[in-house]
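1. just need the structure, nothing else, for what follows:
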Amino acid sequence: MDRSWWGRGEKEGTGKREGEEVKPPLWVWSSHLPSKANMASSMRSLFSDHSRYVESFRRFLSHSTEHQCMQEFMDKKLPGIIARTGDTKSEIKILSIGGGAGEIDLQILFKIQAQYPGVLIDNEVVEPSVEQITKYKELVAKTSNLENIKFAWHKETSSEYQNRVTEKKEFQKWDFIHMIQMLYYVKDIPATLKFFHSLLATNAKMLIILVSGASGWNKLWKKYGSRLPLNDLCQYVTSSDLTQMLDQLGIKYECYDLLSTMDISDCFIDDNENGDLLWDFLTETCNFTTTAPPDLKAEIMKDLQEPEFSVKKEGKVLFNNSLSFIVVEA
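-> Residues are numbered from 1 along each chain as shown. The predicted model follows:
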């Protein structure tokens, strides 16, 4: 569930509405960004330093309301969404794509447990990181009340899972599939959506969580993406892009937006370690404050304090980290 940018894919069409200016959607726009060879040689992707990426991501979580926002959705919206998921079933089958370390997965499982007490839950996790799988297993081991839940982990990406299932023709149907903050990694999102949608059982739902098209991330990526050292395997996507893809595929969905913020106040304090790590996460650039051209840093610093990116409250600068929760129908 790490926030990141994802693999490069192709897509057709713009989903133009009458009277709108034709603009390529983000996944097309960003495929034409300059290559790393055109970037300033001193700037490099945050992904080139795994330990710094992990630490900057940890600082992001500790300074944002991301998980609280997800928890609010699980508490208020999820029970209604899964209301018929397990009807008349002796076993509920759940597929977690990009389950990460399992914190949000367990919250989902607890809600399903509460909705269908005593029913066996088969929870399978697709996650490419050994480190994350290990953390997930450790979390399960120390969590109580999981007796009726069976866990299985697959160390693979969503595309590797798709290829394996397709080759073996093992098209298991699932009652609930969720993809939380992972579509940034996927090369061909429309094909991925179509495939996993085909695996939904009767009354099943698929939950997708990613940054909102109204978030500060969307504006940041659009304006500065071409001047940052993108990772070759990564690209931008927001809920605006995703809903356009779903529309083109003819897949029914509902989209809920919830406000989330990230406190970036330390980014405006010189020589502040916490601020430096948050800068790295915002720009996906390793040691951004010391390697970025002064004009680029000054421009982004000015923009991040503008209302379209952040709000100022009680002396803090709160970046718009709003999330979209997209519920796909079977």
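
2. can you give me the strands for the stretch 151-300 of the chain?
-> For the stretch 151-300 of the chain, the strands defined by DSSP state E, counting those that start in this stretch cover 174-180, 200-211, 253-258, 261-263.

3. right, I mislabeled it, should have said the stretch 1-150 of the chain
-> Ranges of strands within the stretch 1-150 of the chain are 91-97, 120-126, 149-154, based on DSSP E, counting those that start in this stretch.

4. out of the ones you listed, which is the most enclosed?
-> Among the strands of the stretch 1-150 of the chain, strand 91-97 has the highest mean neighbour count (mean count of other Cβ atoms under 10 Å), at a mean of 23. C-beta coordinates here come from the backbone N, C-alpha and C atoms, glycine included.

5. about what we covered before: between the strands of the stretch 151-300 of the chain, which one is nearest to residue 120?
-> Residue 120 lies closest to strand 174-180 among the strands of the stretch 151-300 of the chain, at 11.7 Å (Cβ to Cβ).

6. give the buried residues for that closest one.
-> Within strand 174-180, the residues scored as buried using 16 or more other Cβ atoms under 10 Å are 174-180.

7. about what we covered before: export the strands of the stretch 151-300 of the chain to TSV and tack on distance to residue 97 and mean pLDDT?
-> Formatted as TSV, the strands of the stretch 151-300 of the chain follow (distance: least, Cβ to Cβ, whole Å; pLDDT from 0 to 100):
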stretch	distance to residue 97	mean pLDDT
strand 174-180	5	97
strand 200-211	9	95
strand 253-258	16	96
strand 261-263	25	98
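
8. export these to a markdown table and tack on distance to residue 280?
-> As requested, the strands of the stretch 151-300 of the chain are exported to a markdown table (distance: least, Cβ to Cβ, whole Å):
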| stretch | distance to residue 280 |
| --- | --- |
| strand 174-180 | 22 |
| strand 200-211 | 18 |
| strand 253-258 | 26 |
| strand 261-263 | 13 |
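
9. pick the most deeply packed of those strands.
-> strand 174-180 (a mean of 24).

10. can you put the strands of the stretch 1-150 of the chain in CSV and add mean pLDDT and distance to residue 239?
-> Output for the strands of the stretch 1-150 of the chain, formatted as CSV (pLDDT from 0 to 100; distance: least, Cβ to Cβ, whole Å):
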stretch, mean pLDDT, distance to residue 239
strand 91-97, 97, 17
strand 120-126, 97, 22
strand 149-154, 97, 27
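
11. nearest to residue 318, out of those strands?
-> strand 91-97 (30.1 Å).

12. so what strands line up beside that closest one?
-> Strand 91-97 pairs in its sheet with strand 120-126 (parallel), strand 174-180 (parallel), by DSSP bridges.

13. how about these in CSV, adding distance to residue 272?
-> Formatted as CSV, the strands paired with strand 91-97 follow (distance: least, Cβ to Cβ, whole Å):
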stretch, distance to residue 272
strand 120-126, 37
strand 174-180, 30
